[in-house]
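Q: A predicted structure for the sequence below; I have some questions about it.
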Amino acid sequence: KPRGIGCQVRFAYSMYGAGMGSLKVSAILLSNLIVRLWNRSGDQGRGWKVAVVDIALASQFRLEFRADRGSSYQSDIAIDDLSYTTACGCLSDVTCSSSQFKCKYNCIGNDMVCDYNVDCLGNDADEQNCGVCPYGRNGQTFETSLYPFVNAHEADLQWTVRRGGTPSVGTGPVSDHTLGNARGTYLYIEGSGTKAILQSQVYYAKPHGPECYLRFWYSMHGAGVAVLEVSIMDAGTRHTNITVFFKSGNMGQGWKFAIIPLPSRTYSYDFQLMIVATRGSTLASDIALDDVSFTADCGCLTTNPPYVNTDASCSFEKGLCGYSNPWPTRAAPRPWFRRMSGASSGFTGPTADNTAGGTGYIHVDAPGALYGQSALITTPTLSPGAYCFSFWYNMYGRNVGDLRAQLMMTNGTVVRNLYHTSGNQGNFWYNSMSQTLMMTTQFTVGFEYAFAGGYAGDAAIDDVLITKGACPPVPLPACPNGGHLCGNSTVCIAAARVCDFIQDCPSGSDEAGCSTDCTFETGQCNWHTGRHDVLDWTRRRGDSPSGGTAPYTDHTTGAGSGYYMYTVAPGVSHLH
């Protein structure tokens, strides 16, 4: 804000070359009005020149230096050493109203915060902390998943994730809006069919302010572009009763911004968004979508029901049953997806779901996940009391990591682990076995999968059972001839194969709790040599000094680094 006469901007510039273009300096006011302050064009000779430009303005502004290229390669333009005179005042002296967001150098409307577009001058403060309620709580950039959106089954076209430009010529964006480069992703429609419907999960609304706005960026570029519309569906009646956005025809190249006020009754009730794209009659009819978000006045919208459940069972045949993928973090950036039978690559993941006659289960994809990263999904909030809990899981692939079922508080704190398993267990579904959960406060159950790194490391869950009341006693099936029942299955093995240092059960239960076992890896486990024998047993690894008679490796590890007990011939030795 200029404080008096003499506000000037000073800078050095170089415009040397036979094909020189032009350099312009303009002031852009908060109203986006552009005021031209200075202009030079053509060859200005070799060396740096100094410009001092008067800024006779009475309001906040920002400067724009625009260089237009000349007619040949001899048109380089350079600037250096920008400064303001003291009469221009303090640039950070900004006072904002209650309806504005305060940046370092300017004020912006609250509806411009966390809209995936930098509006603050000098930094990106308006796009920080966007994962914290209320700003950007329900934002979606489509960089990692569609959540909380899904393609509606009744549509004959699908919204598809895309990088870079679309395949058809003369239509669609050239890059995504979030990152603005070939690495960023967005949604688009193309192919045979007429209509694609993107449907959100239910938003459980909590009105926070006087106005709630939906925001998104869209592309409707192409001679044959048809229609893009957004409607609000009442989650209770499941009737679409309000159309809040409608555009048709070619809107030109580039991403366009939409900000739409949602009627007050809409965000006073549970609702869903329906984003519908209708394909045109030619190939040049691509429609694209990116960076969907709500303004802060929408409150802390959530896809977790605010009411308390007494049953969180789910077979995942028709949806996620209110299960929620928490907001992605660096440690847990990957979501659980609902998938259909037959989605396995052949090297990892199930080839069919566990439900009799069913097709749906939830699944995490390993490709691209780093070691130590994880995926977490939680049940809806459950009321205090006793519950019977069990689930089925599939962990098939040479790079399978760790799966944990966790009893959690509603704030995400883990109370205790309910079940833990890890490693490749073959292409089979296993049951966790039933257990009773007892809580005196509201709680959820979380399923967390930690990736081990590698392509073949998928995991899947199906047929979660969480019902009110303690689990009834379940008699375990008896194995014939006194055999051993493997812990979480109906597999039996012979009693002689228990505690023999070879894992025969998929769960490893045949080698668990063997208290008298000794592998000699860390010592002699209180075994000692007899006092009245001729020779002694010795703990050793690798071949014996005699050579050609002792084993090269131990039995436990099968490696030369493993330990075993040995005695040399001749003589008699005793180990007690």
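A: Perfect, I can see it now. Predicted model only: the values in this text are computed from it and were never measured. Numbering: from 1, shown residues only.

Q: any idea how far Phe520 is from the closest residue in space to Thr538 that isn't next to it in sequence?
A: Closest residue to Thr538 apart from its sequence neighbours, by C-beta to C-beta, 6 or more residues apart in numbering: Tyr566 at 6.0 Å. All C-beta spots, glycine's among them, are computed from the backbone N, C-alpha and C. Separation of Tyr566 from Phe520 (C-beta to C-beta, to the nearest Å) stands at 10 Å.

Q: got any ranges where the stretch 451-576 of the chain has weak pLDDT?
A: For the stretch 451-576 of the chain, residues meeting the criterion pLDDT under 70 lie at 474-477, 488-490, 515-516, 545-547, 570-576.

Q: which residues in it form strands?
A: 459-468, 484-485, 492-493, 538-541, 563-566 (DSSP state E, counting those that start in this stretch).

Q: Provide the partner residues of Val53 in its beta bridges.
A: With DSSP bridges as the criterion, Val53 is bridged to Val9.

Q: need the contact list for it.
A: If you count contacts by C-beta atoms under 8 Å, 6 or more residues apart in numbering, Val53 has them with 8-10, 25, 37-38.

Q: hmm, 10 Å instead?
A: Neighbour list for Val53: 7-11, 25, 27, 37-38, 63 [criterion: C-beta atoms under 10 Å, 6 or more residues apart in numbering].

Q: Out of those residues, which end up buried?
A: 7-9, 11, 25, 27, 37-38, 63 (16 or more other C-beta atoms under 10 Å).

Q: Pick out whichever of those sits closest to Leu320.
A: Nearest to Leu320 among the buried ones among the contacts of Val53 is Leu63, at 50.4 Å by C-beta to C-beta.

Q: Can you tell me the element the closest one falls in?
A: When elements are assigned from DSSP states H and E, Leu63 belongs to strand 61-68.

Q: mind listing what Thr553 touches?
A: 541-543, 559-562, 564.

Q: ok, it to Tyr566 distance?
A: 12 Å.

Q: Which neighbours do the two have in common?
A: Going by C-beta under 10 Å, 6+ apart, residues that sit against Thr553 and also against Tyr566 are Arg541.

Q: circling back to that earlier point, output the contacts of Val53 as CSV; include the columns pLDDT and distance to Ser219.
A: CSV is the format used below for the contacts of Val53 (pLDDT from 0 to 100; distance: C-beta to C-beta, whole Å):
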residue, pLDDT, distance to Ser219
Cys7, 84, 41
Gln8, 89, 42
Val9, 91, 37
Arg10, 94, 41
Phe11, 96, 37
Val25, 96, 32
Ala27, 88, 31
Leu37, 93, 34
Trp38, 95, 36
Leu63, 87, 30
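
Q: May I ask which helix or strand of the protein has the lowest mean pLDDT?
A: Least confident helix or strand, the chain: strand 337-340 with a mean of 77, by mean pLDDT, DSSP states H and E.

Q: one step back: as JSON lines, the contacts of Val53 with distance to Ala78 would be great.
A: JSON lines is the format used below for those (distance: C-beta to C-beta, whole Å):
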{"residue": "Cys7", "distance to Ala78": "25"}
{"residue": "Gln8", "distance to Ala78": "21"}
{"residue": "Val9", "distance to Ala78": "17"}
{"residue": "Arg10", "distance to Ala78": "16"}
{"residue": "Phe11", "distance to Ala78": "10"}
{"residue": "Val25", "distance to Ala78": "14"}
{"residue": "Ala27", "distance to Ala78": "22"}
{"residue": "Leu37", "distance to Ala78": "19"}
{"residue": "Trp38", "distance to Ala78": "16"}
{"residue": "Leu63", "distance to Ala78": "17"}
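
Q: which stretches of this protein form helices?
A: For the chain, no helices are identified by DSSP state H.

Q: can you map out the strands along the stretch 1-150 of the chain?
A: Remark: strands assigned in the stretch 1-150 of the chain by DSSP E, counting those that start in this stretch are 8-15, 22-29, 34-41, 49-54, 61-68, 77-84, 100-102, 107-109, 149-151.

Q: Adding distance to Thr444, write these out as JSON lines.
A: Rendered in JSON lines, the data for the strands of the stretch 1-150 of the chain read as follows (distance: least, C-beta to C-beta, whole Å):
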{"stretch": "strand 8-15", "distance to Thr444": "57"}
{"stretch": "strand 22-29", "distance to Thr444": "49"}
{"stretch": "strand 34-41", "distance to Thr444": "53"}
{"stretch": "strand 49-54", "distance to Thr444": "61"}
{"stretch": "strand 61-68", "distance to Thr444": "47"}
{"stretch": "strand 77-84", "distance to Thr444": "54"}
{"stretch": "strand 100-102", "distance to Thr444": "33"}
{"stretch": "strand 107-109", "distance to Thr444": "37"}
{"stretch": "strand 149-151", "distance to Thr444": "22"}
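
Q: Return the member of those having the minimum mean pLDDT.
A: Comparing mean pLDDT over the strands of the stretch 1-150 of the chain, the weakest stretch is strand 149-151, at a mean of 81.

Q: And that strand, what does it pack against?
A: The contact analysis (3 or more C-beta pairs under 10 Å, 6 or more residues apart in numbering; DSSP states H and E) places strand 149-151 against strand 195-200, strand 271-278.

Q: Please repeat the previous calculation with a cut-off of 8 Å.
A: strand 195-200 (3 or more C-beta pairs under 8 Å, 6 or more residues apart in numbering; DSSP states H and E).
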